[in-house]
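Participant: After the sequence you'll find the predicted model.
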Amino acid sequence: MKRCLCISSLLILATLVLMFSTQVFAATPQLSAQRAGGQGDGPGRDVVLSDLPNITAAQFVAMKQIPFPRNPHFGAALPKGNVVSLQQAASNAMMPRSAGQTPGAFADFAGATQGCNGLGWQPSDMGLAVSATFVVQTVNECLEVFNKSGTLVAGPKDLCTLFGLPPNSGTAGCFDPRALYDAQAGKFLIIASYQDSAGNGFILTGTAANPTLAWHTHVIFQGATLPDYPTLGQTAFINNPSNSVYTVCFNSFLNNGGFTDQCDFFPKKGIQGTLGGYTVWLNFSLGGVLQNSIQPVNSYEIAANPAAQFLINSVNDNGGICHPANQGENGLVVWAESNALGLGGNGSHMSGFYTGCGSTATYSFPGAADNDGFCFGCIETIDNRITAMSYYNADHILVSIDTFNNYSSATLGWEVRPFLDVNGQGCAGGIDCPNITGVSIEKQFCYDCGAGQGAQAYFGAIAPTAGGDWTQFATFSNNNITPGTFYFTNQATFLTPPHDGGIFACQRQNAWSGRWGDYQAAAPDEPGAGKIAAVWGSGMYVAGSNLWGSCIAGTRPELP
């Protein structure tokens, strides 16, 4: 394993963490959202994965590139950042990390490659979910199942075929997949987006207890739209029967030129069986400005039972709320949706809380990253959206975004604690409809803020353990190193992460000229009493000249 040559941000972060650890900020400007309803897919479709043919590269020789993740405020051309509020002194910027707290991986193996779903597919994007037995990885139009030793036990299979759709069909195939494991139901859930040739959008869902065998799937109509950049979360079953949902949010680019941000709250039993009507919320706005790229939080722990489905988003407009246009933003927006199933004669209830302009460091759109000496500023790092799945753990939400690092990109993250009242709306029939009443940003951390061209990190994905430790997986590159996936761990007792440069899970010096993946994945793995909890992650690297590959790694952040 190769240690990552990255730049520390500990000096400034020590001050920031202390500043933000105890304060709860005022909820201004005003938040709003609208409730609607969606019609399901009925009984769905059952398919046995082993009955589907494996993909061969010869099947998909045509070029296929998924839609670029557009920002509704700017279209395809994004202004780049010019604000660096976490920048360090130049004398510290190039100091190498010392060997530190990140333990090596107990598993590190090759995942999906560009050939798994046709050599034309760029980029990968990916979802990852882990059970006691299996590791499920999804990339654009490809599904693979591994055991925990890294042996491929099923796949590669075509995602569109799994959902009963023609392979490589529609306007962009079956793209932007995500995955989670529902420990209470003992089932995996994967999702993807799809738009048919007539311009109708769909959210695709599939659940399976044993991912090598039977899958139950739904193709859920979303109207005349491109459902771009879907995100995925869930709430727990225990003590929360009115809010047992899988939640999918997406940026809805309507065929008539309009835009809305939409979240679908699917009943778990409906997705696992017959899906009828479900709750929809849309037009999430902050001070009259539509938000985008909302992340439903994954309350994955069996023992974690928040009384609401939390959702979270950064203010992804690069200026206008806290600063002038193109000069960055501050703060996070946390939403709480309760009674999604509409029990007790009550409707679904939504509340929100904006942490405020002074609550975080200023973040602004990152610059494109370098690929060794092959090209400079050639790897897209998108904007300030939260890219990876957000987890709820020990009363906190873990999130990460890309931000400007005085040249390219750094990963800026937070541990966020939301607060609910007892039953603010006072729903009838014994149904709790709490309001979110406050949000505390208790830790803020940044990997390579202020590092400039020397160190560039992007697309961070964080997953926790039940004990509150966590690991972040991300991509690292600079003008001497091609993009590869690395990780660093943090123990709950550490005040100011990151503590060391981390470790490369996969990295190889090769040319790259295509788009990079728009997000990576991380997933918790709780193997039971007496064992040390693990975190898994997957991400891209340049496997060969102009070809992407991916790696999957598991590490145990609780190791001393």
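Facilitator: Received, thanks. Numbering: from 1, shown residues only.

Participant: in the stretch 201-350 of the chain, which spans are helices?
Facilitator: 268-272 (DSSP state H, counting those that start in this stretch).

Participant: need the strands for it, in chain order.
Facilitator: Using DSSP state E, counting those that start in this stretch, the strands of the stretch 201-350 of the chain run over residues 201-208, 214-223, 225-234, 245-254, 259-267, 278-286, 289-290, 295-298, 309-314, 332-338, 349-354.

Participant: and those strands as TSV, adding mean neighbour count and distance to I441?
Facilitator: (C-beta placed from N, C-alpha, C; glycine too.) TSV is the format used below for these (neighbours: other Cβ atoms under 10 Å; distance: least, Cβ to Cβ, whole Å):
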stretch	mean neighbour count	distance to I441
strand 201-208	24	31
strand 214-223	20	33
strand 225-234	25	20
strand 245-254	24	22
strand 259-267	23	22
strand 278-286	20	16
strand 289-290	16	21
strand 295-298	27	15
strand 309-314	27	11
strand 332-338	25	7
strand 349-354	24	11
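
Participant: could you dump the ones you listed to CSV with distance to I397 and mean pLDDT?
Facilitator: Shown next, in CSV, are these (distance: least, Cβ to Cβ, whole Å; pLDDT from 0 to 100):
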stretch, distance to I397, mean pLDDT
strand 201-208, 23, 98
strand 214-223, 26, 98
strand 225-234, 10, 97
strand 245-254, 14, 97
strand 259-267, 16, 96
strand 278-286, 16, 96
strand 289-290, 22, 95
strand 295-298, 5, 98
strand 309-314, 6, 97
strand 332-338, 7, 96
strand 349-354, 12, 95
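
Participant: Dump these into a markdown table; add distance to P69 as well.
Facilitator: A markdown table is the format used below for those (distance: least, Cβ to Cβ, whole Å):
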| stretch | distance to P69 |
| --- | --- |
| strand 201-208 | 15 |
| strand 214-223 | 17 |
| strand 225-234 | 5 |
| strand 245-254 | 8 |
| strand 259-267 | 13 |
| strand 278-286 | 18 |
| strand 289-290 | 16 |
| strand 295-298 | 14 |
| strand 309-314 | 14 |
| strand 332-338 | 19 |
| strand 349-354 | 23 |
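
Participant: what's the closest of those strands to T482?
Facilitator: Closest approach to T482 among these (Cβ to Cβ): strand 225-234, 25.7 Å.

Participant: and the residue most central in space within the chain, how far is that from T231?
Facilitator: Nearest residue to the geometric centre of the chain (Cα atoms, centre = their mean): A388, 1.7 Å. Distance, A388 to T231, by Cβ to Cβ, to the nearest Å: 9 Å.

Participant: same deal with F237?
Facilitator: Taking Cβ to Cβ, one finds F237 at 21 Å from T231.

Participant: Equivalent analysis for M540, please.
Facilitator: Using Cβ to Cβ, one gets 19 Å for the distance from M540 to T231.

Participant: show me the contacts for the residue nearest to D196 when sequence neighbours are not counted.
Facilitator: Spatial nearest neighbour of D196, chain neighbours left out: G170 (5.0 Å); criterion: Cβ to Cβ, 6 or more residues apart in numbering. Contacts here follow Cβ atoms under 8 Å, 6 or more residues apart in numbering; on that basis G170 touches C160, Y194, Q195, D196, S197.

Participant: Which residue is the nearest non-sequential neighbour of E329?
Facilitator: In space, and not counting its chain neighbours, E329 is closest to V315: 4.1 Å by Cβ to Cβ, 6+ apart.

Participant: tell me the phi and psi of that neighbour?
Facilitator: phi -90, psi 90 (degrees, to the nearest 10).

Participant: ok, now which ones touch it?
Facilitator: By Cβ under 8 Å, 6+ apart, the contact set of V315 is L286, Q291, I321, C322, E329, N330, G331, L332, V333, N384.

Participant: Against F259, how distant is it?
Facilitator: In terms of Cβ to Cβ, V315 sits 16 Å off from F259.

Participant: One more: V135?
Facilitator: For V135, the distance to F259 (Cβ to Cβ) stands at 36 Å.

Participant: now do T207
Facilitator: 30 Å.

Participant: Equivalent analysis for L49, please.
Facilitator: With distances taken as Cβ to Cβ, L49 is found 36 Å from F259.

Participant: Equivalent analysis for Q114, please.
Facilitator: Per Cβ to Cβ, Q114 is found 31 Å from F259.

Participant: Name the spans of the stretch 51-200 of the chain whose pLDDT lies under the cut-off.
Facilitator: 56-65, 75-99, 117-120 (pLDDT under 70).

Participant: Now do stretch 513-531: distance to the chain's middle.
Facilitator: Taking Cα atoms, centre = their mean, to the nearest Å, one finds stretch 513-531 lying 10 Å from the centre of the chain it belongs to.

Participant: could you give the mean pLDDT of it?
Facilitator: Average pLDDT, stretch 513-531: 83.

Participant: ends of that stretch, how far apart?
Facilitator: Taking Cα to Cα, to the nearest Å, stretch 513-531 runs 43 Å from one end to the other.

Participant: buried stuff in it?
Facilitator: Neighbour-count burial for stretch 513-531 flags 514-526 (criterion: 16 or more other Cβ atoms under 10 Å).

Participant: Redo those residues as TSV? Include distance to V439.
Facilitator: Formatted as TSV, these follow (distance: Cβ to Cβ, whole Å):
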residue	distance to V439
G514	38
R515	34
W516	31
G517	30
D518	27
Y519	24
Q520	26
A521	25
A522	23
A523	25
P524	23
D525	28
E526	26
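
Participant: In strands only, show me those residues.
Facilitator: Counting by DSSP state E, the buried residues of stretch 513-531 place A521, A522, A523, P524, D525 in strands.

Participant: G347 contacts R35, doesn't it?
Facilitator: Yes: checked against Cβ atoms under 8 Å, the pair G347 and R35 is within contact range at 6.7 Å.

Participant: How many neighbouring residues does E558 have?
Facilitator: Look at E558: counted by other Cβ atoms under 10 Å, it has 18 neighbours.

Participant: Pull the contacting residues for it.
Facilitator: T465, G467, D469, Q491, I532, A533.

Participant: Buried ones among those residues?
Facilitator: T465, G467, D469, Q491, A533.

Participant: quick one: the closest residue to the third one other than its chain neighbours from P497, how far?
Facilitator: Same thing as D469. The spatial neighbour of D469 that comes closest, neighbours along the chain excluded (Cβ to Cβ, 6+ apart), is P557 at 4.1 Å. P557 is 11 Å from P497, where distance means Cβ to Cβ.

Participant: so what sits against both of the two?
Facilitator: Jointly contacting P557 and P497 under the rule Cβ under 8 Å, 6+ apart are N490.

Participant: Among the contacts of G170, which one sits closest to Q507?
Facilitator: Checking the contacts of G170 against Q507 with Cβ to Cβ, the nearest one is C160 at 31.3 Å.

Participant: So which residues make contact with the helix or strand where the closest one lies?
Facilitator: Under the criterion of DSSP states H and E, C160 resides in helix 159-162. Contact partners of helix 159-162, identified using Cβ under 8 Å, 6+ apart, comprise 47, 49, 52-53, 117, 138, 140-143, 166-170, 173-174, 177, 190, 192, 194, 204, 206, 215, 217.
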